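1. pasted the sequence and its predicted model underneath.
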Amino acid sequence: MATRLEAWVEEAAQKVRPKQVVWCDGSESEAQQMVERLVAEGRTVHLNERTYPNCVLHRSDPSDVARTEQVTFICSRRKDDAGPTNNWMAPEEGKQKIGALFDGAMAGRTMYVVPYLMGPADSHMTRAGVEVTDSPYVVVSMRIMARIGKIALDRIGKANDFVPGLHSLGDLNPARRFVLHFPEEKLIWSIGSGYGGNALLGKKCFALRIASWMAREQGWMAEHMLILGLEDPSGKITYMAAAFPSACGKTNLAMMVSALEDSGYRVWTVGDDIAWMQPGPDGYLHAINPEAGFFGVAPGTNELTNPNVMTAVKRNTIFTNVAMTASREPWWEAMTEEVPSDLTDWQGHKVSAGAKGPAAHANSRYTVPARQAPRISPKWEDLSGVPISAFIFGGRRARVAPLVYESWSWQHGVFVGAGLASETTAAITGEVGVRRRDPMAMLPFCGYHMGDYFRHWLEMGQNIPHPPKIFHVNWFRKGSNGKLLWPGYGENVRVLKWILERVNGKGQAEETPIGFVPTTHALTLDGLDISLDKMEELLRVDAADWQKEADEIGVFFKKFGDRLPPELREEQAHLTERLNLVTSAKG
Ligand code: OXD
Ligand code: MN
C-alpha cells in the first residue's frame, strides 16, 4: 500500500501532469545540477568564483518581486475563523477555482518533490513538510532555508505526519497568482509566483500561517520573531525574541556586532525571522528557529549596518534581484559609499550614467545558510530550544514611541504587541511609508482570527511559570529636523543591555503612563556621541500623541468584534485613564 506521502505526490502529479517527477535528496551534486538548469534558463548567472564562490544571482520576473498579501487566502471552513485581517475563500471554492489553474500546470516541466524539516532533525518541536514545485530556484532556496531530503524523509517515514504544499510557477501572470492555506487540512497551495515568501512554502505559509493554527491547537507559539542571545561580561547568555514587521531590521538585530564588545556584551544569533516556542520543564518558554537559513533584505546592508551578514554572504549564497558589478560581484544601494561604475541592474540591463531609480530592487534579497553567520549561537540547533527571558516588539515609528519601554505585566505586554504599528516598507507589494497596525508583526502571517490569537497569547502567559518580560523598542524616532535620533545597528546593544538589566531586576526606570521608560542616564552611552537633548527626546512620552495612539488602537480593536479578549479592551481603557491623569495634572 502506498504511504500517505506517496499517495499525495501521486495525486499532485495527476493534477499538474509534469513530464517527470524527481525526488530531491538535498545533496550538493543535485544542487549543482539545479543551478546549471537555472543558468541555462537564462535568468540566473554565476557570480565571481574567486570572491563569491558558489554564489549565484537570480533575476525574477519583474512582476514577481515581493509577497502578495492581496492574493493570499486562509481557506478555513468558517469565514469567521479566518477573521477580519485575512482574505478568506471557502475551501471548496479554492479547490475548484485554483485547482483549475493547477490542472496541467506542469506540462512539459519537471515536478520536484522536496521533503523538508522545519527545525533540527531530532527536536520534539520540529515539524515536517513536503513541497512539490516546478521551480529549481525554489528547490535550491529550500535547500538553504530548511533541512531537506533524506533527513526529512526519515522523520516523515516514522510518523507519516507532514504538511503538504503544492507549488507551481503557473504562467507567472499576476492575475493568476494565489497563495492558499487550508488550515484544517494543514495544506498549502501556491501558484503564479516564484518569490520567496510566496513560493518557499516552509517559511511564511507553513512556519507561520499553518503553524500558528497548529500552535493554538497544541499549546505552543509560532511567531514572526528573531531569536538572539546576549552575552554579559560574566559569560552568561540571556535569550530574547523580537517581533518587528517585515524589513524593519530583524536580521540586522539578530546578527549585530555589538558596540559594547570591548566591555563584554556580545550578541549571538539563533534565528532572524521565525520562532517556534513552547514551555520547557524549567518553566521558561523555549524557542527554536525552525529555519536553516536567512532570507534577508539586501539594500542598506553593509559593513557598518551588518558586518556579520556581509561575511556570511561571501559564499554559497543565492542573491535575488540585486545589481551586479563589472567584476561579477553583487551590489545593492548603500552596500558601498561609492556607486560602482558599469553596473548591471536587477533586471539585467546596463545602468547608464545619470539613471534614475535603484540598481538593485528595493526588496532584493540574499539567501544564505545560517551556519555561515560568524556569530551563530552554539545553541542554534539545540533540540530543546533556548529559554526566552524577554520579548521585544518594535516598529518603524517616526514619532510617538520612545526608544524603549517595558510593559507592566504579561497582559499589558500582550496589549503592547496587539497595538504594534509600523510604517510600511518594500517587502510587500503596495504603498511604502504608510502606518499600519501590525499586531505582534503577525498581521500577514496569523492563520486564524486575530481575536482568538490574542486570547491564545493571554492563555499562554498562564501556562508559563517564568514568562518573558515584554518590551517595546523604536530605533526609528525622528527629531524635528526629520533626521533619525538614534544611530541604530551595533549601538542597539545599549538598549538590549538595559533590557537585560530589567530582566535581572536592575536597570533604572521611570514609571510613565505607557510603562517603564529608562531614566536619561540608565542606558550605557560610553563611546557614543549623543547629546542629552537627543536622549531626552528619544525617551519622551508625549501624552497628547499617546492619547491619539490609544484612540487609534481602540478603533483598530473594534475590528475584532466580540472575539477581542475583554482584557485588551481593559488595557486600552487603563492607558487612556493614565494619560488623562497626566494631562489633568499638567493642566
Ligand atoms: C520576510 C518578510 O521575508 O517578513 O521575512 O517579508
Ligand atoms: Mn519576515
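-> Right, received. Where do you want to start? Since this is a predicted model, take the numbers as computed values, not measurements. Ligands and ions are numbered 1, 2, ... in the order given.
2. just give me the neighbour total for residue 13.
-> Residue 13: 16 surrounding residues under other Cβ atoms under 10 Å. (Each C-beta comes from the backbone N, C-alpha and C, glycine too.)
3. now do the same for it: helix, strand or coil?
-> Under the three-state scheme (DSSP: H, G, I helix; E, B strand; the rest coil), residue 13 adopts helix.
4. show me what contacts it?
-> 21, 111, 132 (Cβ atoms under 8 Å, 6 or more residues apart in numbering).
5. again with residue 150
-> 25-26.
6. need the phi and psi values for it.
-> phi -60, psi -40 (degrees, to the nearest 10).
7. measure it to residue 167 for me?
-> Applying Cβ to Cβ, to the nearest Å, the value for residue 150 to residue 167 is 21 Å.
8. buried sites along stretch 398-415?
-> If you call a residue buried by 16 or more other Cβ atoms under 10 Å, then stretch 398-415 has these buried ones: 400-408, 410-415.
9. what about residue 207, which SS state?
-> Assignment for residue 207 (three-state DSSP): helix.
10. and for the one 3 residues further on?
-> Under three-state DSSP, the three-state class of residue 210 is helix.
11. contact partners for it?
-> Each residue near residue 210 by Cβ under 8 Å, 6+ apart is listed here: 163, 181, 183, 186, 188, 447.
12. check it and give its pLDDT.
-> With respect to pLDDT, residue 210 has a value of 98.
13. now do the end-to-end distance for stretch 411-424.
-> End-to-end distance for stretch 411-424: 27 Å, by Cα to Cα, to the nearest Å.
14. can that stretch be found next to ligand 2?
-> No: judged by Cβ under 5 Å from the ion, stretch 411-424 makes no contact with ligand 2; its nearest approach is 12.3 Å.
15. can you tell if that stretch touches ligand 1?
-> No: using Cβ under 6 Å from any ligand atom, we find that stretch 411-424 stays clear of ligand 1, coming within 11.3 Å at best.
16. and that stretch, how far from the chain's centre?
-> 16 Å (Cα atoms, centre = their mean, to the nearest Å).
17. also stretch 329-343?
-> On the basis of Cα atoms, centre = their mean, stretch 329-343 sits 26 Å off its chain's mean C-alpha point.
18. what is the mean pLDDT for that stretch?
-> Mean pLDDT, stretch 329-343: 96.
19. identify all contacting residues around it.
-> Against stretch 329-343 from outside (Cβ under 8 Å, 6+ apart): 47-48, 51-52, 55, 57, 298-302, 305, 313, 319, 322-326, 350-351, 358-360, 364, 366.
20. and those residues, which are buried?
-> Buried among these by 16+ other Cβ under 10 Å: 47, 52, 55, 57, 298-299, 301-302, 305, 313, 319, 322-325, 351, 358-360, 364, 366.
21. just the ones of these in strands?
-> Counting by DSSP state E, the buried ones among the contacts of stretch 329-343 place 57, 319, 323-324, 366 in strands.
22. closest one to ligand 2 out of those, please.
-> residue 366 (14.0 Å; Cβ to the ion).
23. and the closest residue to that closest one other than its chain neighbours, how far from residue 164?
-> Nearest non-adjacent residue to residue 366, counting by Cβ to Cβ, 6 or more residues apart in numbering: residue 313, 4.8 Å away. According to Cβ to Cβ, residue 313 and residue 164 sit 32 Å apart.
24. ditto for residue 256
-> Distance from residue 256 to residue 164, by Cβ to Cβ: 37 Å.
25. who's more crowded, those two?
-> Taking other Cβ under 10 Å, residue 256 and residue 164 do not tie; residue 256 has more neighbours (27 against 22).
26. these two touch, right, the more buried one and residue 492?
-> Yes: with contact defined as Cβ atoms under 8 Å, residue 256 counts as touching residue 492 (6.4 Å).
27. distance check, the closest residue in space to residue 328 that isn't next to it in sequence against residue 319.
-> Among residues not flanking residue 328 along the chain, residue 48 sits closest, at 4.3 Å (Cβ to Cβ, 6+ apart). For residue 48, the distance to residue 319 equals 12 Å [Cβ to Cβ].
28. any figure for the gap between the residue positioned nearest the centre of the chain and residue 375?
-> Nearest residue to the geometric centre of the chain (Cα atoms, centre = their mean): residue 273, 3.4 Å. Plainly put, residue 273 is 17 Å away from residue 375 if you go by Cβ to Cβ.
29. which residues touch residue 526?
-> Contacts of residue 526 by Cβ under 8 Å, 6+ apart are residue 263.
30. what score does it have for pLDDT?
-> The model's pLDDT for residue 526 equals 94.
31. so how far is residue 20 from it?
-> Residue 526 sits 63 Å away from residue 20 when distances are taken as Cβ to Cβ.
32. now do residue 311
-> 39 Å.
33. who's more crowded, the two?
-> Neighbours were counted for residue 311 and for residue 20 using other Cβ under 10 Å; residue 311 has more, 16 against 10.
34. ok, the residue nearest to residue 452 when sequence neighbours are not counted to residue 445 distance?
-> Computed as Cβ to Cβ, 6+ apart, the closest residue to residue 452 that is not its neighbour in sequence is residue 563, at 5.9 Å. Between residue 563 and residue 445 the computed distance is 18 Å (Cβ to Cβ).
35. among these two, which residue is more densely surrounded?
-> Between residue 563 and residue 445, counted using other Cβ under 10 Å, the more crowded position is residue 445 (26 against 17).
36. quick one: contacts for that one?
-> Per Cβ under 8 Å, 6+ apart, neighbours of residue 445: 204, 208-209, 212, 224.
37. next, it: phi, psi?
-> phi -120, psi -10.
38. now it: how far from ligand 1?
-> 8 Å (Cβ to the nearest ligand atom, to the nearest Å).
39. any idea of the pLDDT on the residue in the stretch 201-350 of the chain that ligand 1 sits nearest to?
-> Going by Cβ to the nearest ligand atom, ligand 1 is nearest to residue 246 of the stretch 201-350 of the chain, at 3.2 Å. Per-residue pLDDT puts residue 246 at 84.
40. what of residue 308?
-> 97.
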